[in-house]
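Colleague: here is a sequence together with a model predicted from it:
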Amino acid sequence: MRSGGYVAVAGVVSRVTGFVRTLVVAAVLGTAAVGDAYNGANNLPNMVYELLLGSVLASAVIPVLTRARRRGRKRSREFTQRLMVATMIALAVVTAVAVACAPWIVRGFVADAEQRRLATWLAYLLLPQIFFYGIAVVVGAVLNVRDSFATAAWAPVVNNVILLATCAVFVALPGPVTLTPASMTTAQILTLGIGTTAGIAGQAVWVVVALRRDGFTWSWRVRPLPYTWRPVRSGLPVMGWLLVYAVISQIGVAITMRIAFDHGGVSVYTYAELLFQVPYGILAASVLTVLMPRISRAAALGDRTAVVADLARGARYLSVALIPMTMAMSLLGPGFTTVVFTGRVDVEAATLIGTAVACSAFGLAPFALVMLQMRVFYAYNDTRTPAVLNLVMVTTKVSILVLAATMLADRAVIVMLSVASSLAYVAGAVAGHILLRRRHGLLGFSTVATTVARVAAATVLAGLAGLGAVALTRTSISAGAVEQLAATAAGAIAAALVFVLAAHVIGIPELRAARTLLRRA
């Protein structure tokens, strides 16, 4: 739990700098055609990381590495080296194929000719991120298995700093006052694409250096081919289902991006998703990062009781952390984004980003629960069930988006891009619980339900207090941006104070345990 605290600190710094990075990119590029082209081109490697590498590859690699450690230090080190060599080769091939296919990938979801030309050039420069994302994830998994959590958690900060520097260089370059896909200069395109990829490369270099400092001995020598690739051959069934997962995900991404481009909402959707991820990255990722090796070790030892206990424990702590954040995002989202998004982002677009965040906030806790459930399946070397869960989620999302695109106006469809994601997380969490229940029997979720009820009661009281503070502030102040800032601040402070008081009166054991751990740390 102390390691989790260190990861949480790194997560806070990472998400804060990432939030600043998001605001700066939005201020520099806006939410119109240029912003959509950049975010659309950057979405492919980003979505591969979030949907495949970030959540799937690390979760699948950690149990394999955990089992290898039980065979002795020497065999574990050799297996890890072979695994990393195989991963690098596979990532290099996948990245090369993706870059070569960039024009066809972009053509699949960008209809406008000028916007497609810009997005294609950016895709050539941004798709190499896939290789560096994969290296960072695998090396981070090795660090986690070696009980080294905090160092890897700081890696995204490197990416954020490099991208902020890239934006500074972009602004300093000579170029048109009004950015359009046709008016952007070659220097601007190269700066944006190379700088963004350099940020991901810097993130990968950071974790590689961290692994070397942790005492891991590198060796690129491999044994004869049959011995070298034996672990890869034995893992082909596992990798096969990971491939199925990836294909399902990319179908969902392609349809989502096409609908977003057709309705002019790629940037709004992207920025709303980034804001949605902030509380998850700060509050949930640290819990999941620390729980994954514990669950993997218990699964390797056949200790079902320990696995179920950690599943329930994780669900309780995630609920305590994320249910209040759901209320905060729903209550304060539009006002907050109107204040913080400036530059080339107009008030209407900023409000639309906040509306998308507010309407989709209900999916925050289900999303974290799905990530926890998948880690349990991966701990048992089961990659088939997560692929089934992903099919449920993608099917739910695509069905909702297709209906929305045929029945609703553009602004409503843009909001539904985020809402459909949250509804998909709810469907995935329900399906995951049913499948885990069939496999493991009772999961101890009666205590989770009790915790959820207590947190929900405190959150409702906090929400009412926040609403009252917002209404009172807007009645007293009517000065545009000042009103929004004051109302957002007053609502947040009032809600936080009432939540802390209500939680103390109602009694939430997880909060008391967290305070005790923080004092000890």
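Modeller: Sure thing, it's come through.

Colleague: put the alpha carbons of stretch 450-465 into PDB.
Modeller: Listed in PDB are the C-alpha atoms of stretch 450-465, where the atom choice follows Å, rounded to 0.1, in the frame of the first residue of the first chain:
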ATOM      1  CA  THR A 450     -22.500  -1.900   1.700                       C
ATOM      2  CA  THR A 451     -19.500   0.300   0.900                       C
ATOM      3  CA  VAL A 452     -21.100   1.600  -2.300                       C
ATOM      4  CA  ALA A 453     -24.400   2.400  -0.400                       C
ATOM      5  CA  ARG A 454     -22.500   4.400   2.200                       C
ATOM      6  CA  VAL A 455     -20.400   6.200  -0.300                       C
ATOM      7  CA  ALA A 456     -23.400   7.000  -2.500                       C
ATOM      8  CA  ALA A 457     -25.300   8.400   0.500                       C
ATOM      9  CA  ALA A 458     -22.400  10.700   1.300                       C
ATOM     10  CA  THR A 459     -22.000  11.600  -2.300                       C
ATOM     11  CA  VAL A 460     -25.600  12.600  -2.800                       C
ATOM     12  CA  LEU A 461     -25.400  14.900   0.300                       C
ATOM     13  CA  ALA A 462     -22.200  16.400  -1.100                       C
ATOM     14  CA  GLY A 463     -23.800  16.900  -4.600                       C
ATOM     15  CA  LEU A 464     -26.800  18.700  -3.100                       C
ATOM     16  CA  ALA A 465     -24.400  21.000  -1.200                       C
END
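
Colleague: which outside residues touch that stretch?
Modeller: With contacts defined as CB atoms under 8 Å, 6 or more residues apart in numbering, stretch 450-465 is touched by 316, 319-320, 323-324, 326-327, 330-331, 494-499, 502-503, 506-510. In this view, the C-beta of every residue, glycine as well, is placed from N, C-alpha and C.

Colleague: can you check stretch 167-186 too?
Modeller: 21, 24-25, 28-30, 32-34, 37, 112, 114-115, 117-118, 187-188, 191-192, 195, 344.

Colleague: ends of that stretch, how far apart?
Modeller: Using CA to CA, to the nearest Å, the gap from the first to the last residue of stretch 167-186 comes to 15 Å.

Colleague: please apply the same query to stretch 431-447.
Modeller: Per CA to CA, stretch 431-447 runs 20 Å from first to last residue.

Colleague: so for that stretch, mean pLDDT?
Modeller: In this model, stretch 431-447 carries a mean pLDDT of 87.

Colleague: and the helix or strand hosting Met84, what's its mean pLDDT?
Modeller: For Met84, the host element (DSSP states H and E) is helix 73-100. Helix 73-100 shows a mean pLDDT of 78 in the predicted model.

Colleague: report the buried residues of it.
Modeller: Of the residues in helix 73-100, those buried under the neighbour-count criterion (16 or more other CB atoms under 10 Å) are 76-87, 91, 94-95, 98-99.

Colleague: helices and strands around that helix, which ones?
Modeller: For helix 73-100, the contact count by 3 or more CB pairs under 8 Å, 6 or more residues apart in numbering; DSSP states H and E identifies helix 58-69, helix 129-145, helix 230-234 as packing neighbours.

Colleague: next, the distance between the ends of stretch 354-368.
Modeller: Using CA to CA, one end of stretch 354-368 lies 21 Å from the other.

Colleague: from the chain's centroid, how far away is the helix holding Met84?
Modeller: Using CA atoms, centre = their mean, to the nearest Å, the distance from the centre of helix 73-100 to the centre of the chain it belongs to is 23 Å.

Colleague: that helix vs helix 129-145, what angle?
Modeller: Note on geometry: by axes from the mean of the first three to the mean of the last three CA atoms, to 10 degrees, helix 73-100 and helix 129-145 are set 160 degrees apart in direction.

Colleague: I'd like the next helix or strand past helix 73-100.
Modeller: Once the chain leaves helix 73-100, the next helix or strand it forms, by DSSP H and E, is helix 102-107.

Colleague: so what's the gap between that following helix and the chain middle?
Modeller: Computed by CA atoms, centre = their mean, the chain-centroid distance of helix 102-107 equals 24 Å.

Colleague: list the buried residues in it.
Modeller: Of the residues in helix 102-107, those buried under the neighbour-count criterion (16+ other CB under 10 Å) are 102, 105-106.

Colleague: and which of those residues is nearest to Tyr378?
Modeller: Ile105 (28.1 Å; CB to CB).

Colleague: how about that closest one, what does it touch?
Modeller: Contacts of Ile105 were listed using CB under 8 Å, 6+ apart, and they are 44, 98, 123.

Colleague: distance of it from Val253?
Modeller: Computed as CB to CB, to the nearest Å, the Ile105 to Val253 distance reads 10 Å.

Colleague: same question for Ala492.
Modeller: Applying CB to CB, the value for Ala492 to Val253 is 33 Å.

Colleague: what's the answer for Val169, then?
Modeller: Here Val169 is placed at a distance of 29 Å from Val253 (CB to CB).

Colleague: between those two, which is the more surrounded one?
Modeller: Val253 (19 against 13; other CB atoms under 10 Å).

Colleague: phi first, then psi, for the more buried one.
Modeller: The phi and psi values for Val253, taken as degrees, to the nearest 10, are phi -60, psi -40.

Colleague: burial of the residue lying closest to Val340 once chain neighbours are set aside, as a residue count?
Modeller: Computed as CB to CB, 6 or more residues apart in numbering, the closest residue to Val340 that is not its neighbour in sequence is Leu23, at 5.9 Å. Other residues lying near Leu23 total 18 when counted by other CB under 10 Å.

Colleague: what's the answer for the one 4 residues further on, then?
Modeller: Each residue near Ala27 was counted by other CB under 10 Å, and the total is 16.
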